[in-house]
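Asker: Curious how this folds, go ahead:
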Amino acid sequence: MEAHSVLGEQVRMPVEIRHADACSALFLADAGAARTLLADAGLEPVTMLGKAVLSLAFVRYVDGDLGPYHEFAFSLMARQRGRKDSTGAYIHWLPVNQSFTCEAGQSIWGFPKLLADIDITPDGRGHRCEVRIDGELVIALRVADGLPMPGGAGGASIDAYTWRDGILRRTPWVMNPGAVRGRPGGARVQLGTHPVSDQLRALGLPKAALFSSRIGELRMTFEDAATVLQTREVR
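Answerer: Here you go, the predicted model:
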């Protein structure tokens, strides 16, 4: 079993998240702006109706191999250029509020983790997350609870792409969701003045979500990252 040393502790693969909950929202975004964000990694956006597919999510990790923490994820559905069978989630920005998971995410998977203040709170019939860096608001996202969705806690697998230090990595990621609620729309975005806020504006936010969901019981597994050997020139 592969192991990595992180701040003096051993992290063994696969990493397991035994208890978490999450809210997310999908948006159709400007494809040109998405291509700009993906260009250095040699990826291209997966499009729907000529638009890129953008996901915003916040997760409250309660019990897992990296400890308890809060996380916000800004990702784009993407694939390797010329390879339609390579679809995955490109993780563009991934702030967390604890140093151990920040270091583990960077060193093991190349995740773009950084430390931030992340406040996740119930908000009426929904949940709200606010992300601040050095006291500056980057984004606030509220997701309504929606209606119960059928299907139980069946697993779903997707690969996560990351780009760090000139290396494109691909990480197998398995999710086992339960207590899922969802609805069309159902999300409200507020943007601050941070550079990441401006990237989201370029993608067309704030706008109505395509779909939003809440997972009340979430288990996940992350495998080790694999380097993607690129055969095409990276712009």
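Asker: Helices of the protein, start to end?
Answerer: Secondary structure of the chain (DSSP state H): helices at 31-38, 99-104, 195-202.
Asker: closest to Thr171 out of these?
Answerer: Shortest distance between Thr171 and these, using CB to CB, is found for helix 99-104: 12.4 Å. From N, CA and C alone the C-beta is placed, and that goes for glycine too.
Asker: Counting neighbours, which bits of that closest one end up buried?
Answerer: Thr101, Cys102, Glu103, Ala104 (16 or more other CB atoms under 10 Å).
Asker: Any idea how far that helix is from the middle of the chain?
Answerer: Taking CA atoms, centre = their mean, to the nearest Å, one finds helix 99-104 lying 16 Å from the centre of the chain it belongs to.
Asker: Please look at Ser197 and Leu203 and confirm they touch.
Answerer: No: the criterion here is CB atoms under 8 Å, and Ser197 misses it with Leu203 at 10.9 Å.
Asker: Could you check which of those two is surrounded by more residues?
Answerer: Leu203 (23 against 19; other CB atoms under 10 Å).
Asker: which residues does the more buried one contact?
Answerer: The contact partners of Leu203, taken as CB atoms under 8 Å, 6 or more residues apart in numbering, are Phe27, Ala29, Asp30, Ala33, Ala34, Leu37, Ala52, Leu54.
Asker: The closest residue to His194 other than its chain neighbours: what's it in contact with?
Answerer: Excluding the flanking residues, the one nearest His194 by CB to CB, 6 or more residues apart in numbering is Val138, at 4.2 Å. For Val138, the contact set (CB under 8 Å, 6+ apart) comprises Pro95, Ala116, Val131, Arg132, Leu191, Gly192, His194, Val196, Ser197.
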